[in-house]
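*Asks:* Return a 3D structure for these sequence lines:
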Amino acid sequence: MSESTVSNRIPWPACGLFALAYGLVANSPMGPLVSETIRDHYSDSLLNQGIGLDAVVLLGAAPIAVVAGMLVLRGHRSGPVLALIPATLAA
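*Replies:* Presented below is the predicted three-dimensional model:
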């Protein structure tokens, strides 16, 4: 494969990680942490767990997905390993 062919490839794994980060950030504010657009009929204990989950997504998983996407773009070997954290949270 020539060098020009390799450099012209679309970095699909990185695009997927950026889309995952966007989806996580777009979904979390609708939960009990910010606006409660999505209302669940749960006990107070489960609502507190939902608030904690939204906080973990906004402060942990989404930024890690962006960092992993940037590492994958740069060809760093730790990018795919780091991508397992937000991917397993989203699954």
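
*Asks:* how many other residues sit next to Thr88?
*Replies:* 9 (other C-beta atoms under 10 Å). To be clear about C-beta, it is placed using only N, CA and C from the backbone, and glycine gets the same treatment.

*Asks:* quick one: pLDDT of it?
*Replies:* What the model reports for Thr88 is a pLDDT of 94.

*Asks:* likewise Val6?
*Replies:* pLDDT, Val6: 53.

*Asks:* Likewise for Ile85?
*Replies:* With respect to pLDDT, Ile85 has a value of 94.

*Asks:* Quick one: distance of the helix or strand it falls within to the chain centre.
*Replies:* Using DSSP states H and E, Ile85 sits in helix 84-90. From the chain centre to the centre of helix 84-90 is a distance of 7 Å (C-alpha atoms, centre = their mean, to the nearest Å).

*Asks:* Please name every helix or strand in contact with that helix.
*Replies:* Under the contact definition 3 or more C-beta pairs under 8 Å, 6 or more residues apart in numbering; DSSP states H and E, helix 84-90 sits against helix 12-27, helix 62-74.

*Asks:* Which pLDDT value does the model give the residue nearest the centre of the chain?
*Replies:* In the chain, the residue lying closest to the centroid (C-alpha atoms, centre = their mean) is Ala21, at 3.4 Å. pLDDT recorded at Ala21 is 96.
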